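Undergrad: any chance you can model this:
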Amino acid sequence: MYRYLVSLTIFLFIVVSVFGCKPKAAFNLSEFLEKDSNLGLPTLEMPKDNPLTRDKVLLGEKLFNDKRFSSTGKISCATCHVPEMGFTDSPLQVSKGIRDLTGTRNAPTIINSAYNSSQFWDGRSPDLEDQSLHPFVNPVEMGLNDHAPILKIIRTDPEYVKAFKKVFDVSPVEITIRHVVKAIAAFERVIISANSRFDRWYFNGEDVLSKKEKKGFDIFIGNGRCVSCHVIEYTTALFIDNKFHNVGVGINRVSADDISRLTGEFLKAMYDQSTVDKKVLSDTKTSELGRFAVTRNITEVGSFKTPTLRNIALTAPYMHDGSLKTLEQAIDHYNRGGASSDKEKINPYLSGGIRPLNLTQDEKDALTAFMKTLTGKKFEKFQ
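TA: You can find the predicted model right below:
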């Protein structure tokens with residue numbers, strides 16, 4: 001009898017394990033091609049030289065997922081921007097490129113990146129089209145020497161030849177890298193997330209937030225001062241300010257002598273964008289220069305772009321270097337006024353609005369709960 005019960009228990013465990021688990025949700029592009037109210041977001045302006053079409057978006061998705069466009073044939077855009085992970089590389093602190101090489105920065109989400117006034121953590125690219133050019137030829141990411149191998153693959157692939165002819169009306173020899181990045185950018189522009197529980201409560205008056213979550217909102221716009229950079233407008237909320245701030249992350253790992261040496265090097269050399277792209281992703285100390293590497297403005301040393309808080313529950317770890325593993329750690333960092341620990345010295349480049357918040361544990365818990373209401377309806381299945 002005992003042996004029978006043991007066997008039955010094992011059998012039931014296997015059945016539950018195999019058949020009873022909730023299947024992992026999968027990304028479905030068709031959901032993003034449907035017309036949606038996008039509650040909580042402003043109208044998105046499309047570039048005049050890259051109008052959006054369904055076929056272009058579908059082509060962009062195919063290019064986004066093609067691993068052949070790396071030197072090893074193992075890395076695609078989607079490798080570091082995983083749809084089911086909020087188009088980030090969660091839970092990795094920094095992404096792995098070719099031959100498991102690691103960069104210096106956490107992969108930012110692509111979701112709602114169409115609303116950014118610049119791309120990358122330091123804003124070194126003005127738009128999605130330009131941004132799409134660089135990972136292919138970055139030695140840490142996809143490792144190509146130039147874009148020629150991509151064009152060779154596309155021009156000899158019957159499916160690509162047909163798709164580019166349909167979308168851009170070009171023959172194989174007429175396909176350029178500009179066509180490629182326009183298609184990828186078109187795909188990225190439809191990855192829009194709105195209609196979160198916050199949106200339905202704040203903009204639509206629905207009673208979908210708990211008392212604790214509402215308290216967190218009050219802290220967000222009040223004592224927490226989060227709204228100063230993660231902006232909420234009267235009818236929309238991007239939770240960004242399209243600005244750059246030094247919030248005390250990473251820069252303390254670089255000595256004053258190294259900062260002086262590196263800033264002097266940049267001011268003297270006046271690197272072009274391609275060189276900057278390679279340097280900031282291959283050297284940790286150079287990476288911590290932040291926006292300065294782009295503007296050469298000494299007041300922007302260690303400053304990075306304000307990231308959106310939409311879908312923040314999906315995109316851990318946080319900050320440009322992925323050094324804060326949880327929302328709780330991120331809130332603690334701001335509560336300390338931009339210091340990574342109670343004993344750490346505040347860095348001299350810290351943005352003026354960063355100072356201790358003195359929030360209680362209950363207030364921090366409420367703030368965390370509120371931020372988890374920012375997951376868009378299309379991404380709730382991944383939370």
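
Undergrad: which residues touch the helix or strand where Glu363 lies?
TA: Assigned by DSSP states H and E, Glu363 belongs to helix 361-371. Contact partners of helix 361-371, identified using Cβ atoms under 8 Å, 6 or more residues apart in numbering, comprise 198, 209-210, 212-217, 219-220, 223-224, 226, 309, 312-313, 327-328, 331-332, 335, 359. Bear in mind the C-beta positions are built from the backbone N, C-alpha and C, glycine included.

Undergrad: buried residues, that helix. List them.
TA: For helix 361-371, the neighbour count (16 or more other Cβ atoms under 10 Å) marks 363-371 as buried.

Undergrad: which ones are touching Phe266?
TA: Phe266 touches 289, 292-293, 296, counting by Cβ under 8 Å, 6+ apart.

Undergrad: got a markdown table for those residues, with secondary structure too?
TA: Supplementary listing: the contacts of Phe266 in a markdown table, determined by DSSP: H, G, I helix; E, B strand; the rest coil:
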| residue | secondary structure |
| --- | --- |
| Leu289 | coil |
| Phe292 | helix |
| Ala293 | helix |
| Arg296 | coil |
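
Undergrad: name only those of the contacts of helix 361-371 that count as buried.
TA: If we count by 16+ other Cβ under 10 Å, the contacts of helix 361-371 have these buried: 198, 209, 213, 215-217, 219-220, 224, 226, 309, 312-313, 327, 331-332, 335, 359.

Undergrad: out of the residues you listed, list just those in helices.
TA: 198, 213, 215-217, 219-220, 327, 331-332, 335 (DSSP state H).

Undergrad: and Thr299, how far from Phe244?
TA: Thr299 sits 10 Å away from Phe244, going by Cβ to Cβ, to the nearest Å.

Undergrad: quick revisit: ok, the contacts of Phe266 vs Ile192, which is closest?
TA: Proximity of these to Ile192 (Cβ to Cβ) peaks at Ala293, which lies at 29.6 Å.

Undergrad: so the closest one makes contact with Lys279?
TA: Yes - the criterion here is Cβ atoms under 8 Å, and Ala293 meets it with Lys279 at 7.3 Å.

Undergrad: give me the common contacts of these two.
TA: 271, 286.

Undergrad: neighbour count for the two, which is higher?
TA: Ala293 (23 against 19; other Cβ atoms under 10 Å).

Undergrad: and that one, how far from Leu101?
TA: With Cβ to Cβ as the criterion, Ala293 and Leu101 are 20 Å apart.

Undergrad: hang on, the earlier thing: distance to Val161 and pLDDT added to the ones in helices among the buried ones among the contacts of helix 361-371, as TSV?
TA: What follows is these, written out as TSV (distance: Cβ to Cβ, whole Å; pLDDT from 0 to 100):
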residue	distance to Val161	pLDDT
Phe198	45	98
Glu213	51	99
Lys215	57	99
Gly216	52	99
Phe217	52	99
Ile219	55	99
Phe220	51	99
Leu327	46	98
Ile331	51	98
Asp332	54	96
Asn335	56	96
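
Undergrad: so which of these is the closest to Phe87?
TA: Closest approach between these and Phe87, by Cβ to Cβ: Leu327, at 18.0 Å.

Undergrad: pLDDT at the closest residue to the closest one other than its chain neighbours, what is it?
TA: Distances taken as Cβ to Cβ, 6 or more residues apart in numbering put Thr368 closest to Leu327, at 5.0 Å, once the chain neighbours are dropped. Note for Thr368: predicted pLDDT of 99.
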